[in-house]
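>>> turn this into a structure:
(2 chains)
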2 protein chains.
Amino acid sequence: MDNGGFCYDNYHSGSSDDELVDISDVTVDYNEDVPPLDRDYSTGHCKADWRPNSSPKLMDLLDVSGIGTYEDFNTIDWVREKSRDRDRHREITNKSKHSTLALIFSISDAFSGWLLMLLIGLMSGALAGGIDIAAHWMTDLKEGVCLDGFWFNHEDCCWTYNGTTFKERDKCPQWKSWAELMVGVSESTVWYAYMASYFMYVCWALFFSFLAVILVRAFAPYACGSGIPEIKTILSGFIIRGYLGKWTLIIKTITLVLAVSSGLSLGKEGPLVHVACCCANILCHFFTKYRRNEAKRREVLSAASAVGVSVAFGAPIGGVLFSLEEVSYYFPLKTLWRSFFAALVAAFTLRSINPFGNSRLVLFYVEFHTPWHFLELIPFILLGIFGGLWGAFFIRANIAWCRLRKNTSFGHYPVLEVIIVTLVTAFLAFPNEFTRMSSSTLISELFNDCSLLDSSKLCNYTSVGGGRGGSVNATIANALADRPAGPGLYTAMWQLALALLFKMVMTVATFGMKVPSGLFIPSMAVGAIAGRLLGVFMEQLAVYHHDWAIFRGWCSPGTDCITPGLYAMVGAAACLGGVTRMTVSLVVIMFELTGGLEYIVPLMAAAMTSKWVADAFGRESIYEAHIRLNGYPFLEAKEEFRHKTLATDVMRPRRSDPPLSVLTQSGMSVEEVERLIADTTYSGFPVVLSLTSQRLVGFVLRRDLIISLENARRHQEGVVSVSAVLFTECDPPASPNAPPAVKLRSILDLSPFTVTVHTPMEIVVDIFRKLGLRQCLVTQNGRLLGIITKKDILKHMAQMANRDPDSILFN
Amino acid sequence: MDNGGFCYDNYHSGSSDDELVDISDVTVDYNEDVPPLDRDYSTGHCKADWRPNSSPKLMDLLDVSGIGTYEDFNTIDWVREKSRDRDRHREITNKSKHSTLALIFSISDAFSGWLLMLLIGLMSGALAGGIDIAAHWMTDLKEGVCLDGFWFNHEDCCWTYNGTTFKERDKCPQWKSWAELMVGVSESTVWYAYMASYFMYVCWALFFSFLAVILVRAFAPYACGSGIPEIKTILSGFIIRGYLGKWTLIIKTITLVLAVSSGLSLGKEGPLVHVACCCANILCHFFTKYRRNEAKRREVLSAASAVGVSVAFGAPIGGVLFSLEEVSYYFPLKTLWRSFFAALVAAFTLRSINPFGNSRLVLFYVEFHTPWHFLELIPFILLGIFGGLWGAFFIRANIAWCRLRKNTSFGHYPVLEVIIVTLVTAFLAFPNEFTRMSSSTLISELFNDCSLLDSSKLCNYTSVGGGRGGSVNATIANALADRPAGPGLYTAMWQLALALLFKMVMTVATFGMKVPSGLFIPSMAVGAIAGRLLGVFMEQLAVYHHDWAIFRGWCSPGTDCITPGLYAMVGAAACLGGVTRMTVSLVVIMFELTGGLEYIVPLMAAAMTSKWVADAFGRESIYEAHIRLNGYPFLEAKEEFRHKTLATDVMRPRRSDPPLSVLTQSGMSVEEVERLIADTTYSGFPVVLSLTSQRLVGFVLRRDLIISLENARRHQEGVVSVSAVLFTECDPPASPNAPPAVKLRSILDLSPFTVTVHTPMEIVVDIFRKLGLRQCLVTQNGRLLGIITKKDILKHMAQMANRDPDSILFN
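Take a look at the predicted model:
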């Protein structure tokens, strides 16, 4: 047996065998809050402060020299971060017992989390309101301009005009379309006016998208896309500097408005999550507690993603569940409560800004009047199947497209790509009124339950009495129900079918371009169109075939039995579910839109079917697919690792590799350590008692080691290349003329996680996920054999799934 | 260096030092789904199947002899259970590739979880409906009887009677109060009739509660209380056999109706969670997947507790969040989705039974018409403070009372206690109409926003015109608003104040008696009374002092500015929050009652204040306090362990203790092992290479060891006391005439969890919580030094909090 240069002052008294049991270095300096335990303490041994990351001295070290920070594109160590926060909290609590000032500081520290949430809610709500207003104005700008002031949008411009009907009010004299300004309006110029409008529409779209892509390229490349895949990765512990910075925030906000206004097939809901996270990250800088701690900051970011969805849909509960289900990695209950608070604050801030001008909290407010029938579950499930198929198709097609962009020269011209896609989109979109309007207007029209006053084409029904349209006969209550479709509705159906095709193709091409782009709204639009088509089909079927067995009993003549708007809603949920694989949060968001538990069952049936169908083609959501495409180190928490491999199959070194690079706790010189650092690229090294015994003492991070050695060489007197590097608690006996040793026990992690070689990988994966580890050491019978890092696990998982293990790019 | 009797056939080729590195026993037999890794495999070594719990052989062993099961009042090993489930799943998946029948079985296995959820939803919904109907009927039975049929309750009895007003209809001739039957009704007998009613009320109450306590005592002692503390403990991994059995279900269902009907200050909402969990547990028996696996069963139970709250309040989303926030321990996302499904099914089952006769899903349906003003947050926060104080007071008082019951002879007469409490309750409750009615009726009356037709005393306002009451003047729309209180309301205020006092005292005495008793409803009643009192006070203040600064601007004469019902609701939320420390789930349940996001902010302000105030007096909820009172081994996931102790301070053996009892992997005889088992009571033993090296090989459970040794002695030929017990993979060379060895490697857990002595306890606690461990071994420099069990941690935590560590009773 070796004792590895340890200093023994006394020995464990109750040792059963003749071997020295080296637990004498277990020093316990009790705090005030720790009552003494029933132990007799051996005295006289070398006192050293070896508690990892807990002593004030070490805290200073962390502050000064960069020890304890991470490099860009690296994974954080959750255990270490949480430990540091607990130490910090302990220190504040201890101090608060001694002075009033410290007590006040301690209280303000405790409430700073709530204050931060309040600020995030206010800021995100305000930004979302601004984005809504700006996008609304700029979308209208494509159509025309207000003579009273160019900053008014169409609705505000015509606000004061007293038209008798909605339609008339829309055509107020203050609002001039570009056609009117350019060619005037008369019977003879209709064609020219149309072409002028068309031309201006395309021009504005091109201008907006060109501006957007240029701004993104020039100032903040991270501002493109929806940001959710990256946020998921960041929340799981990855570091991407600048991704949530102020430039990203500013540029994303501006370009989001531009991109939405350009009429591209994209939404602002996903990017709003990114915007909210940027706000959170920036606001974190004002609170030491969150600025300094990566784990705490991620708690705040989890809450911010709830805020993002809350302002996007006006659904705070749905937002919290979205964060919990879809985005977050570490979500303690405290965060749940705070997220909820922030989401509410944001929703109410947005409401008080009132960007939609209707005092509604929600993006699509729907009120249905007819209950659904049990048999309608069949079309709802059909919509679910459609949603699942669309989701699977979209993910595959979009990933193939993105891979093409990534791997071929086609990806070198992002600006050109955006311009071409915008040109095609605008060119095709204008002639069809359903694609010309913004996607969110389209969705709310599709969700709408036709009322008597509706002038929309979708509500063009023939009155039962044989009248022109359903919009006049306001006296008969049942005039709404059971009407055959009018010619306008038939036209609308054709237009919707074309719009469906258009949306499906353009969304695939758009998501992933170098402009901010969310896919909540495009996915919902696809589903809502499909749903409305099916709904109208079912409705007309019922109108003409009341005698069919399936309609008998609940859909007799004269009853209002089928609501096409509900079908649109169910379809939207199904398609969104198929693409994002959200479940509970999706249903809750939809529930918050309607406010009635009544319609949860159809939504749930569709969402469930959609998820099952889509999962049959591949279990990844679009976000996970993009994470994998980018090679981020993301350990999915949802899917269980089901293979039968063991830790020994995954650990490094492999049998054919050279042995594990380790440090010994004493006996190595500065030069030897530096050579080891230079020769290898590992991000950390285990420290063992001695090379022969391979008994594990601790683990030291490469970064910490480099910084400490540099620091020692610079500031510690007499340190030369042959100086010993000691990780021991006390100095071993050294010859009197030896150069002073570099003592590095303070940077040594004395409690590294270990598993045995026999541990099944499913358990190792579980440990990594639940504890948020970066690496784990592998032992057998108390002997260090190897190391498993998060990257090793991800590579192993890729290999097990027959994917290329080298697609995992980062640590 | 010792090699502990290991068989070495070949050695690690890349070993850097001269020592033998014993990883040669790492056998990897690849499955079909595992592609070969980049390793060269050494051949010719001893092949043994040492994968923990994975081989079919071992599975049989588990089936036959009780290995892998747990004793009553013990904690399960989550890691082991989850491993077993994965093995099972893997086996089914592998088999399904070979035959169609197995494929069908595999699909049905995958959907069995959903089927189980459906069944739980249906059964719990039906039971809840039955309980509602029965309790309604029996509550009315205390008052009188229906002559058309005794099985009609008051409402059903008078359903067909055509009274002109609600009040008249209530007095239909078919319904006879006991007083009418006994003494008749005339002017002269009013006093006698009152006394007769009083007498019958008390008698019925005594009869019901006596029956309830007798049934509980005789058939199912586990049926008492709310059950939530025990369910929390069970979900965290504890085993209490029979707690969720069929007898508990039957008796709890019956006695719950009796207890609620007896008019005691208790609710049926908490026990409904227990009832739903019993349903789930019983239904689990029909599915092998869940019957055999304690971890999987707990997933189902988590969903069942969501179902319980869903049927109690008609709030499926709130139910799911309740389960997530309050009850569950291990709650994967899959469970979230399934819980939601089950909760919805249950809610809709309950609605189709329609026990309240109003087609409403929710227990208390409220619709408010007036928005709240920002300044009203002040009274809402006051209600929050009241709720927090009430929560803190209730927990302390109730725990003191329960401790008294537990420690003194007073606890030996549970039947007498119930009778006395019922007598006092009934005697005091009858004279006051607000305590005479059932608590849920009281709450819905208090929540109610007075409409013009309301005949309740609480809506007795003087008309502005000076009329008698507010119930006639239906033509003036604003007649509702801004009215001074009438004399009836003043009486009601006094009665409410007395009712508040009564409820507060009686709830403390009632919760914890040997009858089923929930405290959701009593807590809410306390809060609703306090809220209504404050609401009416504020309202009258506004009526008489429109000119005060705080009312100016929003509460001018003639406007309906203050809704006392909203105050009642906020008060109820605050008090419930103070007692249970629920946050998000509480707000969401309340939100589902009103269906408007509008009122979330007041509820949230009150719930937050209440939690903060209550937490200042002690961080435990009533459930956690009861768990601690009963000494259950429950590791709270919410609160962080903040002390600075290390694993070495908690591990056994202490310094003064004899050394750790270990087994060696070879070299011990059956007799020696048996003596060790007899001499100690530990539930498991570490296995080491040799006593001198103390290098850890694995961990073996006492129960498994006993069963295996007995099995070997009984069935294996030639096993005698001197036979060697081997945990090694291959047989060591033995003398030819030695008796056959008992090979026990199959019961050895080769991947026990280890931490180092230096690991901070906060990390150890985190590991225990997140991975659900039962024990963890403690090493230093690769040498086994001690063991930490869940009980050790709980004891240590109790000690740190200056509580008696011996209050933790179970393992």
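
>>> contact partners for A:Gly308?
Residues in contact with A:Gly308 (CB atoms under 8 Å, 6 or more residues apart in numbering or on different chains) are A:124, A:272-277, A:319. Every residue, glycine included, has its C-beta placed from N, CA and C.

>>> closest one to chain B out of those residues, please.
Proximity of the contacts of A:Gly308 to chain B was ranked by CB to the nearest CB; the top entry is A:Gly319 with 12.0 Å.

>>> can I get the contacts of A:Gly308 in a markdown table including pLDDT and distance to A:Phe386?
Listed next are the contacts of A:Gly308 as a markdown table, based on pLDDT from 0 to 100; distance: CB to CB, whole Å:
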| residue | pLDDT | distance to A:Phe386 |
| --- | --- | --- |
| A:Ser124 | 95 | 34 |
| A:Leu272 | 95 | 27 |
| A:Val273 | 95 | 26 |
| A:His274 | 95 | 29 |
| A:Val275 | 95 | 31 |
| A:Ala276 | 96 | 31 |
| A:Cys277 | 96 | 32 |
| A:Gly319 | 93 | 26 |
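
>>> can you redo these as TSV with secondary structure?
Formatted as TSV, those follow (DSSP: H, G, I helix; E, B strand; the rest coil):
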residue	secondary structure
A:Ser124	helix
A:Leu272	helix
A:Val273	helix
A:His274	helix
A:Val275	helix
A:Ala276	helix
A:Cys277	helix
A:Gly319	helix
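
>>> can I get the buried part of those residues as one ChimeraX selection?
The following ChimeraX command selects only the buried members of the contacts of A:Gly308, with burial defined by 16 or more other CB atoms under 10 Å in any protein chain shown:
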select /A:124,272,273,274,275,276,277,319
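
>>> of the contacts of A:Gly308, closest to B:Asn281?
B:Asn281 has its nearest neighbour among those in A:Gly319, at 34.4 Å by CB to CB.

>>> who's in contact with the closest one?
Neighbour list for A:Gly319: A:305-310, A:312-313, A:339, A:343, A:585, A:589 [criterion: CB under 8 Å, 6+ apart].

>>> I'd like to know which elements the helix or strand encompassing A:Val526 is packed against.
Assignment of secondary structure by DSSP states H and E places A:Val526 within helix A:520-544. With contacts defined as 3 or more CB pairs under 8 Å, 6 or more residues apart in numbering or on different chains; DSSP states H and E, helix A:520-544 has these neighbours: helix A:269-284, helix A:377-407, helix A:439-447, helix A:487-510, helix A:564-580.

>>> out of those helices, which is closest to A:Pro739?
Among these, the nearest to A:Pro739 by CB to CB is helix A:269-284 (44.2 Å).

>>> tell me what A:Val725 is bridged to.
Listed beta-bridge partners, A:Val725: A:Met668, A:Val742 (assigned using DSSP bridges).

>>> okay, it and A:His98: tell me how far apart.
A:Val725 sits 38 Å away from A:His98, taking CB to CB, to the nearest Å as the criterion.

>>> more neighbours: which of those two?
With neighbours defined as other CB atoms under 10 Å in any protein chain shown, A:Val725 and A:His98 compare such that A:Val725 has more, 27 against 9.

>>> doesn't A:Leu705 belong to a helix?
Yes - using three-state DSSP, the assignment for A:Leu705 is a helix.

>>> re the thing from before, possible to save the helices and strands packed on helix A:520-544 as TSV with distance to chain B?
Written out in TSV, the entries for these read as follows (distance: least, CB to the nearest CB, whole Å):
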stretch	distance to chain B
helix A:269-284	18
helix A:377-407	13
helix A:439-447	19
helix A:487-510	26
helix A:564-580	11
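
>>> out of the ones you listed, nearest to A:Pro740?
Between A:Pro740 and the helices and strands packed on helix A:520-544, the tightest spacing by CB to CB is seen for helix A:269-284, at 41.1 Å.

>>> immediately after the closest one, which helix or strand?
helix A:288-291.

>>> does that next one come close to chain B?
No - in this structure, helix A:288-291 remains apart from chain B according to CB under 8 Å from any CB of the partner chain; the gap is never smaller than 14.3 Å.

>>> can you list the buried residues in that helix?
Applying a neighbour-count criterion of 16+ other CB under 10 Å, one finds A:289-290 buried in helix A:288-291.

>>> looking at whatever helix or strand comes next after it now, give me its mean pLDDT.
Per DSSP H and E, helix A:288-291 leads on to helix A:294-313 as the next helix or strand towards the C-terminus. Per-residue pLDDT values across helix A:294-313 average out to 93.

>>> stretch A:181-191 too?
Computed over stretch A:181-191, the mean pLDDT rounds to 76.

>>> name the residues that touch that stretch?
For stretch A:181-191, with CB under 8 Å, 6+ apart as the criterion, the contacting residues are A:144-145, A:179, A:192-193, A:196, A:200.

>>> can you list the domain ranges for chain A.
What automatic domain parsing lists as the domains of chain A is A:1-86+A:639-811, A:125-353, A:378-628.

>>> can you list those in JSON lines and add distance to B:Phe394?
Shown next, in JSON lines, are those (distance: least, CB to CB, whole Å):
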{"stretch": "domain A:1-86+A:639-811", "distance to B:Phe394": "28"}
{"stretch": "domain A:125-353", "distance to B:Phe394": "22"}
{"stretch": "domain A:378-628", "distance to B:Phe394": "32"}
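
>>> so which of the ones you listed gets nearest B:Ala738?
Between B:Ala738 and the domains of chain A, the shortest gap by CB to CB is with domain A:1-86+A:639-811, which sits at 25.0 Å.

>>> out of the contacts of A:Gly308, which is nearest to A:Pro653?
Of all those, A:Pro653 sits closest to A:Cys277, with 38.9 Å by CB to CB.

>>> quickly note the distance from the closest one to B:Asp679.
Between A:Cys277 and B:Asp679 the distance, using CB to CB, works out to 59 Å.

>>> and for A:Lys406?
Between A:Lys406 and B:Asp679 the distance is 67 Å, computed by CB to CB.
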